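>>> here is my input; please provide its structure:
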Amino acid sequence: MEGYAQDLIAFVRLHQAWAAPLVLVLAFGESLAFISLLVPAWGVLVAIGAMLGPGGIDFWPIWLAGGLGAALGDWLSYWIGFTFKDRVATIWPLSRYPHLLPQGAAFVKNWGVPGIFIGRFFGPLRASVPLAAGIFEMPYWHFQIANFVSAFIWSAVLLVFGDVVSRLIEWGWSLF
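Numbering: from 1, shown residues only. Below is the predicted model:
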């Protein structure tokens, strides 16, 4: 897993024009139920954020791509849950991780719409909360508003975190 992340970061460093499309795909995969369990991409997004200042990559297109990819991944997860209901638990890889869906369901039932926002920032919940929201038929527009707002905040947090860390490291090196 680490090797693919390093390859993606090196690719973005060499081909900055591909940064936004790559971030869109990574954020989509990170947020889509099933795929997010196999390909955790948040570390690559933080690393791309670290290239914003020193690498000359523009924040706005990367932020929009990350937010849009994450929102679309959760939208599709919601749709899968809404459409297939309880049959989702029998589909691989959730069939191998049977605890994730009940955790997501409990989270959605306890927290409701704020749970969509909170779930975006916690790994295993990120994959199961939108799916559970669809299964338990959370109102569509309530879900989508929380989904899109949280997706753009999540994208900004990861990118800004990477940028701040890179600037702190750069500043630290300048002291020596």
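
>>> wait, residue 147 touches residue 78, no?
Yes - counting by C-beta atoms under 8 Å, residue 147 touches residue 78, with 7.3 Å between them. Where C-beta positions appear, they are placed from N, C-alpha and C, glycine not excepted.

>>> what do these two both touch?
The contact sets of residue 147 and residue 78 overlap at residue 130 (C-beta atoms under 8 Å, 6 or more residues apart in numbering).

>>> quick one, helices of this protein?
2-14, 19-31, 35-38, 42-50, 52-55, 59-84, 100-111, 113-119, 123-135, 140-174 (DSSP state H).

>>> okay, now the unreliable bits of this protein?
Low-confidence segments of the chain, defined by pLDDT under 70: 1-5, 37-40, 54-55, 124.

>>> at 90 what do you get?
1-17, 30-58, 85-109, 112, 117-129, 131-132, 135-136, 162-163, 165-176 (pLDDT under 90).

>>> which residues touch residue 98?
Residue 98 neighbours (C-beta under 8 Å, 6+ apart): residue 89.

>>> distance of it from residue 71?
From residue 98 across to residue 71, the span is 27 Å (C-beta to C-beta, to the nearest Å).

>>> contacting residues around residue 68?
With contacts defined as C-beta under 8 Å, 6+ apart, residue 68 is in contact with 24, 27, 151.

>>> how deep is the closest residue to the second one other than its chain neighbours tucked in, by neighbour count?
Meaning residue 27. Computed as C-beta to C-beta, 6 or more residues apart in numbering, the closest residue to residue 27 that is not its neighbour in sequence is residue 69, at 3.2 Å. Neighbourhood size, residue 69 [other C-beta atoms under 10 Å]: 27.

>>> same question for residue 120.
Residues near residue 120, counting by other C-beta under 10 Å: 24.

>>> got the phi and psi for it?
Residue 120 adopts backbone torsions of phi -60, psi -30, taken as degrees, to the nearest 10.

>>> I'd guessed it sits against residue 154; true?
Yes - Residue 120 is in contact with residue 154 according to C-beta under 8 Å; the separation is 4.9 Å.

>>> what touches both of those two?
By C-beta under 8 Å, 6+ apart, the residues touching both residue 120 and residue 154 are residue 70.

>>> what's near enough to touch the spatially closest residue to residue 143 that is not a sequence neighbour?
Leaving aside its sequence neighbours, residue 143 sits nearest to residue 133 (C-beta to C-beta, 6+ apart; 5.2 Å). Contacts for residue 133 (C-beta under 8 Å, 6+ apart) come out as 78, 81, 108, 115-116, 143.

>>> quick one: contacts for the residue nearest to residue 27?
With contact set as C-beta under 8 Å, 6+ apart, residue 69 has these partners: 23-31, 151.

>>> fine by me, we can end here.
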